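Novice: need a 3D model of the sequence below.
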Amino acid sequence: MKKVAFISHGHPELSKGGAEVASWNLYTLLKHKGFDCLYIARTDAKSHGGSTFSSRGNEVLLHTAMTEWFTLSSSHLKPLFVDLAELLREYSPDVVHIHHYAHMGIELFAAIRQALPDTKIVFTLHEFMAMCMHNGQMVKRETLKLCYKATANDCHQCFPSNSPGDFLLRKQYLLDQFSHVDEFISPSHFLAKRYVDWGLDVEKMHVIENVLPPRSAIEPRQISENGKRGKFAFFGQINPYKGLDILLHAITLLPPDIRAQIHLDVHGANLDKQPAEFRERVESLLAQTKDCVDIRGPYEAEQLPSRIAECDWVVIPSIWWENSPVVIQEAMQFGRPLIGSNIGGMKEKIENKAGLTFEARSAASLAAALVKATDPDVFEHWQEKLAINHNAENEHIALLESLFSDISATGS
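Specialist: Got it, this is the predicted structure:
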């Protein structure tokens, strides 16, 4: 039987990040298709008796940590090079599919290669962490100005305690670790190009969208004969990078007659954990827009269909590049067009395909898009044009099958 081991930096039931969900969805799909799969997820929790592994249902939890965030490294090498290596040798997978190295250490790739010299290693890229020390955001630390490429001098400006030479050495170390990877997957062409320009082998790069569980489209909400499509929704964490402040500012710029016909639901949390300046700005904007904005709070996956059913448009006003926000796929899957910033993966997946884009970081441009979106004809145009990529599942399986074939050919 074809065996695939998945490694994620978190279990989706314990950590709701996009990479965790993407890895879980692919793992679930492959199991359904008859593959023999093992899911290993790193966790912060302490294990009973201090062991490296514990279990959560049929999944394995890996108890380890990353100790050096500059080089994305870990000084805890035994969990990777001894314990994980032993587990993988015992399972003997044909392919190890890694969805992140954070909190485990970039040495994860070398540990797997050393333990399983003939096993194929696949790594799905989810963000820019290897390129950017600023939480992988590719924006300047102080100004949040967009970075168009990673350079040692620019990185030094953000992190003065590290010299340009330090950043050159960091890059080379990370590229050395990535050399153990046989194939890279990127959910967007934008992210793939950034990494190829940075130094990854273009011949190893595959652009394949993340897999979603099967769902049916939801009928548009009922409106009166002369009604507007003015129900907007924001899904995501409330932090300086997601652009909720831009969206709220845009609402304050709307003409009074339009504002009276729109409503925004904010499905997200953690405003209380943000820097004071950002938190105060958002709180002030919320006070100015309380007539047409509700903070609905966080939600579980099971609640997403009912929350999306209430809206006409999903708005993604992020001020950073984004890669392939899962909310874009989810909105399209449920039949809701989008309004998104015209940069990065948002532009790639929305513009001329799934809705309207606006000039990133411009509240005035977003306000104009909101006005346009209230027109029922505009909504119907984009709602009818939505097209989910149903080939993603087949593309993932085709890549795995090609790796299995390579292994068989080598073995023979």
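
Novice: touching stretch 131-145 from outside, list them.
Specialist: The contact list for stretch 131-145 (C-beta atoms under 8 Å, 6 or more residues apart in numbering) reads 69-70, 127-130, 146-147, 150, 155, 157-159, 162, 194-195, 198, 240-241, 319-321. Where you see a C-beta, it was placed from the backbone N, CA and C, and this is true even at glycine.

Novice: that one: how far from the chain's middle?
Specialist: On the basis of C-alpha atoms, centre = their mean, to the nearest Å, stretch 131-145 sits 16 Å off its chain's mean C-alpha point.

Novice: just stretch 277-285 next, same as before
Specialist: Its chain's C-alpha centre and that of stretch 277-285 lie 25 Å apart, by C-alpha atoms, centre = their mean.

Novice: contacts for it?
Specialist: By C-beta under 8 Å, 6+ apart, stretch 277-285 touches 238, 239, 240, 244, 245, 248, 249, 252, 271, 272, 274.

Novice: among those residues, which pair sits farthest apart?
Specialist: Between any two of the contacts of stretch 277-285, the greatest separation by C-beta to C-beta is 22.6 Å, found for 252 and 272.

Novice: more neighbours: which of those two?
Specialist: Between residue 252 and residue 272, counted using other C-beta atoms under 10 Å, residue 252 has the larger neighbour count: 12 against 7.

Novice: give me the neighbour count for the residue lying closest to the more buried one once chain neighbours are set aside.
Specialist: Excluding its sequence neighbours, the residue lying closest to residue 252 (C-beta to C-beta, 6 or more residues apart in numbering) is residue 288, at 5.5 Å. As a burial measure, residue 288 scores 13 neighbours (other C-beta under 10 Å).

Novice: can you list the buried residues in the lengthiest helix in the chain?
Specialist: Longest among the helix segments of the chain by residue count, using DSSP state H, is helix 392-411. For helix 392-411, a neighbour-count test (16 or more other C-beta atoms under 10 Å) marks 392, 393, 395, 396, 397, 399, 400, 403, 404, 407 as buried.

Novice: show the contacting residues for the first one.
Specialist: Spelled out, that is residue 392. Under the criterion of C-beta under 8 Å, 6+ apart, the neighbours of residue 392 are 208, 209, 210, 211.

Novice: make sure the last one is actually in contact with residue 23.
Specialist: No: contact status for residue 211 versus residue 23: not in contact, 9.7 Å apart, counting by C-beta atoms under 8 Å.

Novice: with neighbour numbers in mind, choose between these two.
Specialist: residue 23 (29 against 24).

Novice: residues contacting that one?
Specialist: Residue 23 neighbours (C-beta under 8 Å, 6+ apart): 6, 8, 12, 39, 97, 99, 100, 124.

Novice: 10 Å instead?
Specialist: Contacts of residue 23 were listed using C-beta atoms under 10 Å, 6 or more residues apart in numbering, and they are 6-12, 17, 39-41, 97-100, 124, 126, 210-211.

Novice: ok, and the closest non-adjacent residue to it?
Specialist: residue 99 (3.8 Å).

Novice: now do the contacts for the closest residue to residue 328 other than its chain neighbours.
Specialist: Closest residue in space to residue 328, ignoring its immediate chain neighbours: residue 349 at 5.1 Å, by C-beta to C-beta, 6+ apart. For residue 349, the contact set (C-beta under 10 Å, 6+ apart) comprises 187-190, 209, 316, 322-325, 328-329, 332, 338, 340, 355, 389.

Novice: and what of residue 311?
Specialist: Counting by C-beta under 10 Å, 6+ apart, residue 311 has contacts 218, 220-221, 229-235, 263-265, 267, 331, 334, 336.

Novice: mind doing that once more with 8 Å?
Specialist: Contacts of residue 311 by C-beta under 8 Å, 6+ apart are 221, 231, 232, 233, 265, 336.

Novice: quick one: which of these has the most company?
Specialist: residue 336 (27 neighbours).

Novice: find me the pLDDT at that one, would you?
Specialist: Residue 336 carries a pLDDT score of 97 in this model.

Novice: repeat that for the one 10 residues further on.
Specialist: Residue-level confidence at residue 346 comes out at 96, pLDDT.

Novice: related to what we said a few turns ago, can I get the contacts of residue 311 in TSV including secondary structure?
Specialist: Formatted as TSV, these follow (DSSP: H, G, I helix; E, B strand; the rest coil):
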residue	secondary structure
221	coil
231	strand
232	strand
233	strand
265	strand
336	coil
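
Novice: and the strands in this protein?
Specialist: Ranges of strands in the chain, per DSSP state E, are 3-8, 36-43, 53-56, 59-63, 95-98, 120-124, 183-186, 205-207, 231-235, 263-267, 293-295, 313-316, 338-341, 355-358.

Novice: for residue 364, find the nearest of these.
Specialist: strand 355-358 (9.0 Å).

Novice: going by contacts, tell me the helices and strands next to the closest one.
Specialist: Packing partners of strand 355-358 (3 or more C-beta pairs under 8 Å, 6 or more residues apart in numbering; DSSP states H and E): strand 338-341, helix 344-350, helix 363-373, helix 376-385.

Novice: show me the contacts for residue 294.
Specialist: Contacts of residue 294 by C-beta under 8 Å, 6+ apart are 263, 264, 265, 266.

Novice: buried subset of those as a ChimeraX selection?
Specialist: Entered in ChimeraX, the line below selects the buried ones among those, by 16+ other C-beta under 10 Å:
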select :263,264,265,266
